[in-house]
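Generate coordinates for the sequence data below:
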Amino acid sequence: MLIKLHNLLLCASAALPLVCILESPGSEPEQISIDQVAYNSVGYLPGAPKIITIQAEAPKLRFSLVERGSDNVVLQGDCLGPEVDPDTSLRVFIADCSAIRTPGYYELRFEGSPTTKSIRVSPTAYDNAFCDVCHAMHLWRCGTTVSLKRGDDNFGHAACHLNDGELSLSGVPGEHKDGVGGWHDAGDFNKYTLNAAFTVGVMLDAWEQFGDRLRPLVLEIPESNNNTPDYLDEIRWELEWILKMQAEDGSVFHKLSTQKFSKFMMPNEEKVTRYFSPAGTAATASFVAVLAKASRSFKSYDPVFAKTCLEAAVRSFAFLQQHPEEITPDLSAFKTGAYKSRDSGYRLWAAAEMWRSTGRREYLTDVETRIAALVQESQLSGGLVKANWQWSTPENLGLLAYLRSNLPGSDSRLQKLVKQQALFTADHLVRTAKDHCYGRTLGNDYHWGCNGSVALSAMNLMVAYELAEDERYKNGTLDVLNYLFGRNVYGRSFVTGLGADPPRFPHDCQCTADGIERPIPGYLVGGGWPKATDWEDSNTNYKTNEIAINWNGALVYAMAGFLSGEEETLDEGKSP
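Model prediction:
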């Protein structure tokens, strides 16, 4: 395959003399039509691979990299190709600019074409973009006023949904329960326990692995002057709402929602009644998992809050033990998001996090029994640790939590098996990205919200890197970011406000209704499905252009390991 040979190109191009190609007297260079240059338009880290995909109708293609503002050629060579990209049936070439490690801006040029692209190389390439993604999470806050100024634009909304919510649809007529707070879930303003817990769980995994890079982060949030890192403060806003979803018996309400989706409007303009749905065991297990996890993360900063989280988790775990059968909530009164999932994956994750937070044998027995059963099931379904997963398939969160527990007493053979399976899946993701014309870790698998699943594959890869310290896994995670920030079949960033030609019309009530010409920066859109070429940048296309907290949470994780760790970003500028 062409893509497998890109390392050979690096060696060959580095060996070429750094001189311009001169045409023979009187000859005219052949004009080449380049349709698209697909690359990470946010930027590259100095030591990272820099592989670029070019759509062009030509028998061959030659590139050069020039220092911006001069004609100083620092790298040149022949592109690999052409090859027909299976996702688009178009001819593509590959240019490898990995030899460039000096920070700065460069122009990518092609012999015989006027097309140029600006390439950024910086050790802080992701710092500003990461802050925008976190700010986007902040602007999802419900139940309070939020604001963010970017240039001449003031993003935000007034306090909203201060009457959450009614219990009459959960079996308690006429009763009201405090459900104010949390984040809006997606393009709508509703709040769903499973997706909230899943999102926070992924973001807390980032904290556990990359806390040294996240701790200095200064965000523009009201809590910035307290003694807790801003990153955890933003997560706490969602956690405090999740705590409110617990019923008196320890069960957890599945969602808090209007009965049907609203039209495009600002969140503070939505005045219809919002209801707690009935409780279910999947929501209850997700509640247990994320609060047990939170108790570890907040223990050093607010031990009282950490204790509250763990006590709530213990109480709801007891409910799960009393109800080993799956309880599926009746959502027939609602036409909003169902977020239906089997409870088995969430029960596994819950037991794993309780084991990590308490070290108690009963939780270890529970999680190992569930993993052993999953091993038997996976022999029929094609693998224990999944490469392609999302909120509805949370088993990976439990498996990786168990694998990273580092507590005495676990079954060494089971630990070894899970580790082998985790590395096997990471190897698969690396190979898939190298064989794909755009470095996509999930290959040609496209589904609703597939960009979020691409981002989640970063967790498989970075946990594998933690286990094996193999640079292939770290570079595979960079493939994830390259794809999402522009090395894709559109040659566009999939994140609003970031990189080249980002989405302008996400399916989001607030971005559509706020009267601001550009959308809030930092939201990852769902991406094309059922084919790569089916993405449409339209606010009416919820199937491919909606935004959601779980996709953004996965993007937060994917970027976190590549932050500079500096409290202030002293950079040569934002992405070109």
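
Helices along the stretch 101-250 of the chain, start to end?
For the stretch 101-250 of the chain, the helices defined by DSSP state H, counting those that start in this stretch occupy 127-138, 193-214, 230-244.

so how far is the first one from its chain's centroid?
Taking Cα atoms, centre = their mean, to the nearest Å, the mean C-alpha location of helix 127-138 is offset from the chain mean by 12 Å.

on that earlier part again, any chance of the helices of the stretch 101-250 of the chain in TSV, plus mean pLDDT and distance to F298?
Bear in mind the C-beta positions are built from the backbone N, C-alpha and C, glycine included. Conversion of the helices of the stretch 101-250 of the chain to TSV gives the following (pLDDT from 0 to 100; distance: least, Cβ to Cβ, whole Å):
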stretch	mean pLDDT	distance to F298
helix 127-138	97	17
helix 193-214	98	10
helix 230-244	98	7
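
what bits of this structure have low per-residue confidence?
Applying pLDDT under 70 to the predicted model, the residue ranges of the chain that meet it are 1-30, 379-382, 566-576.

quick check: longest helix of it.
When every helix of the chain is counted residue by residue (DSSP state H), the longest turns out to be helix 412-435.

Quick one: end-to-end distance for stretch 464-475.
Start and end residues of stretch 464-475 are separated by 12 Å (Cα to Cα, to the nearest Å).

how far does it sit from the chain's center?
The offset between the C-alpha centroid of stretch 464-475 and the centroid of the whole chain comes to 19 Å, using Cα atoms, centre = their mean.

Mind listing what's buried along it?
Under the neighbour-count criterion of 16 or more other Cβ atoms under 10 Å, stretch 464-475 has 464-467, 470, 472-475 buried.

biggest separation within these, which pair?
When the buried residues of stretch 464-475 are compared pair by pair using Cβ to Cβ, the farthest-apart members prove to be L467 and N475, with a separation of 15.8 Å.

give the contact list for the nearest residue to M203 once chain neighbours are set aside.
Excluding its sequence neighbours, the residue lying closest to M203 (Cβ to Cβ, 6 or more residues apart in numbering) is G553, at 5.0 Å. Contact criterion Cβ atoms under 8 Å, 6 or more residues apart in numbering gives 137, 198-200, 202-203 as the residues in contact with G553.

again with G452
Counting by Cβ under 8 Å, 6+ apart, G452 makes contact with 390, 524, 526, 548, 550-551, 554-555.

next SSE after the helix or strand hosting it?
Using DSSP states H and E, G452 falls within helix 450-468. Under the assignment DSSP H and E, the closest C-terminal helix or strand after helix 450-468 is helix 471-484.

how close does the residue lying closest to S564 once chain neighbours are set aside get to S118?
Counting by Cβ to Cβ, 6+ apart, T124 is the residue found nearest to S564 once chain neighbours are left out, at 4.5 Å. The spacing between T124 and S118, counted by Cβ to Cβ, to the nearest Å, is 17 Å.

cool, and D230?
Applying Cβ to Cβ, the value for D230 to S118 is 31 Å.

Neighbour count: those two, which is higher?
With neighbours defined as other Cβ atoms under 10 Å, D230 and S118 compare such that D230 has more, 22 against 15.

you'd agree that one is up against I221?
Yes: in terms of Cβ atoms under 8 Å, D230 counts as a neighbour of I221; the distance is 5.9 Å.

rewinding a little: can you give me the neighbour number for the residue nearest to S564?
When counting by other Cβ under 10 Å, one arrives at 21 neighbours for T124.

can you give me the strands in the stretch 151-300 of the chain?
153-157, 191-192, 252-253, 255-257, 275-276, 279-280 (DSSP state E, counting those that start in this stretch).

deepest of those strands, which one?
strand 191-192 (a mean of 30; mean count of other Cβ atoms under 10 Å).

how distant is it from the center of its chain?
Its chain's average C-alpha position is 18 Å from that of strand 191-192, according to Cα atoms, centre = their mean.

Provide a list of residues in contact with the closest residue to N451 other than its chain neighbours.
Counting by Cβ to Cβ, 6+ apart, N451 lies nearest to G527, which is 3.6 Å off, once chain neighbours are set aside. Applying Cβ under 8 Å, 6+ apart to G527 gives the contacts 446, 449-451, 454, 494, 535, 544.

With C450 instead?
Neighbour list for C450: 442, 526-529 [criterion: Cβ under 8 Å, 6+ apart].

go with 7 Å
Going by Cβ atoms under 7 Å, 6 or more residues apart in numbering, C450 touches 442, 527, 529.

Reformat those residues as a markdown table; add secondary structure and distance to S297.
Compiled in a markdown table, these are given as follows (DSSP: H, G, I helix; E, B strand; the rest coil; distance: Cβ to Cβ, whole Å):
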| residue | secondary structure | distance to S297 |
| --- | --- | --- |
| L442 | coil | 29 |
| G527 | coil | 30 |
| W529 | coil | 34 |
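
and those residues as a markdown table, adding distance to C131?
Compiled in a markdown table, the contacts of C450 are given as follows (distance: Cβ to Cβ, whole Å):
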| residue | distance to C131 |
| --- | --- |
| L442 | 27 |
| G527 | 23 |
| W529 | 29 |
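
A95 belongs to a strand?
Yes: with DSSP: H, G, I helix; E, B strand; the rest coil as the criterion, A95 is part of a strand.

Hmm, it is touching K50, no?
No: when contacts are counted by Cβ atoms under 7 Å, A95 is not listed as touching K50 (8.7 Å).

Common neighbours of these two, please.
For the pair A95 and K50, no residue contacts each of them under the criterion Cβ under 7 Å, 6+ apart.

count of neighbours near A158?
By other Cβ under 10 Å, 12 other residues sit near A158.

what's it sitting at in phi/psi?
Dihedral angles of A158 (phi, psi; degrees, to the nearest 10) stand at phi -80, psi 170.

what's near enough to touch it?
Residues in contact with A158, defined by Cβ under 7 Å, 6+ apart, are 145, 268.

Okay, buried residues for stretch 392-401 please.
Along stretch 392-401, these residues count as buried under the neighbour rule (16+ other Cβ under 10 Å): 394-401.

got the contact list for that stretch?
Stretch 392-401 is touched from outside by 198, 201, 341, 345-346, 348-349, 352-353, 356, 367, 371, 374, 384-386, 389, 418, 422, 459, 463, with contacts defined as Cβ under 7 Å, 6+ apart.

With stretch 186-196 instead?
The set of residues external to stretch 186-196 that reach it, using Cβ under 7 Å, 6+ apart, is 142, 161, 182, 184-185, 238, 241-242, 245, 252-258, 261-262, 267, 270, 282-283, 286-287, 336-337, 339, 341, 391, 507-509, 542, 546-550.

What is the end-to-end distance of that stretch?
End-to-end span of stretch 186-196 (Cα to Cα): 11 Å.

between the contacts of G527, which has the most around it?
Ranked by the number of neighbours (other Cβ under 10 Å), the contacts of G527 place V454 first, at 30 neighbours.

I'd guessed it sits against N482; true?
No: proximity of V454 to N482 does not meet the contact threshold set by Cβ under 7 Å, at 10.6 Å.

Tell me the residues that contact both of the two, please.
When contacts are counted by Cβ under 7 Å, 6+ apart, V454 and N482 are jointly contacted by no residue.
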